[in-house]
Structure formats: structure tokens, C-alpha cells
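K.L.:
Mind looking at a prediction? Sequence and model below.
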Amino acid sequence: MCLISENTRDLFREVNDDSIITVSVPEDLQRNPILPSGASKKIRCGHYMVAVDLNTGFHPYTAAAVLKTGAPKRIGFQSEYSDYFFNIQMTKKKDDPVESSYRYIHHLMIDALKL
């Protein structure tokens, strides 16, 4: 399952609609950072082994979506609020490209999905 902004849906044309939850991002996101109820309901209906927020800065929509999955491994980048949402936190180092963090996250995901 993938949560994306509805204005980026075209980037994922090859992905089945059943595998994507789209949300509209309100203009007043900072004042109203609540995930829409329809998206929350779809997320709670699934079963997840791992959930990842790839935003290097804190984003309330994606952090809330990761938390709502109830996944045993909830991965995100460290921030002032990350302790409330993620049980595995990545630290973005200034001299290290973010891709190295993404590679490590990929490793964690593969490990979590092994049965």
C-alpha cells in the first residue's frame, strides 16, 4: 500500500489503484495537519509488516499514516516529533547523501518482509 498526494498520482501510472491511497494536501497544512478520514480508514483496513516515511523533514500526514498502519516496524527520519510516530529512526547526516539512508531503509524493509 502506498500513500501519495493526489497531484502526484500520474507518477505511479503502473501501480494498481487498489495499492494506492491518495490524499489531497490542504493549503493550511500547518494549521490543519490531520490525515483525511477516508485515508485513515483505508490504512486501518490493511495489515502491514513495515511502514516507511521517506520525508527527511517531519511531515504530519505521512507520519500519521505510518503510525496508523500499526506495523511492527515503523521507519522514519529523526525529528522533534519522531519518537511519537516511528520506532526505527534514521539520522540524516550533513555530509552523507540521503540515498545512503534510503539504501539502509530498503535493507530494513527486505529484512522485515522475510517470512
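P.N.:
Yep, that arrived. Numbers count the residues shown, from 1 in each chain.

K.L.:
Residue 66: what's its closest spatial neighbour, skipping adjacent residues?
P.N.:
Ranked by C-beta to C-beta, 6 or more residues apart in numbering and with sequence neighbours excluded, the top spatial neighbour of residue 66 is residue 51, at 4.3 Å. Placement of C-beta: from N, CA and C, glycine included.

K.L.:
Pairing partners for the helix or strand encompassing residue 51, with directions?
P.N.:
Under the criterion of DSSP states H and E, residue 51 resides in strand 50-52. Taking DSSP bridges as the criterion, strand 50-52 pairs within the sheet with strand 73-77 (parallel).

K.L.:
sorry, back to before: can you list contacts of the strand holding residue 51?
P.N.:
Under the contact criterion C-beta atoms under 8 Å, 6 or more residues apart in numbering, strand 50-52 has outside partners 65-66, 69, 71-76, 105, 108-109, 112-113.

K.L.:
mind running it again at 6 Å?
P.N.:
The set of residues external to strand 50-52 that reach it, using C-beta atoms under 6 Å, 6 or more residues apart in numbering, is 66, 69, 71, 73-75, 105, 109, 112.

K.L.:
And stretch 82-95, by the same measure?
P.N.:
Judged by C-beta under 6 Å, 6+ apart, the contacts made with stretch 82-95 from elsewhere in the structure are 56, 63, 66-67, 73-78, 101.

K.L.:
Quick check: phi and psi on residue 54?
P.N.:
For residue 54, the backbone dihedrals (degrees, to the nearest 10) come out as phi -90, psi 0.

K.L.:
that older thread, most neighbours among the contacts of strand 50-52, which one?
P.N.:
Neighbour counts for those (other C-beta atoms under 10 Å) peak at residue 66, which has 24 neighbours.

K.L.:
Now the longest helix seen in the chain: average pLDDT?
P.N.:
Ranked by residue count, the top helix of the chain under DSSP state H comes out as helix 98-113. Mean per-residue pLDDT for helix 98-113: 80.

K.L.:
between it and strand 73-77, how many degrees?
P.N.:
Computed with axes from the mean of the first three to the mean of the last three C-alpha atoms, to 10 degrees, the direction of helix 98-113 lies at 170 degrees from that of strand 73-77.
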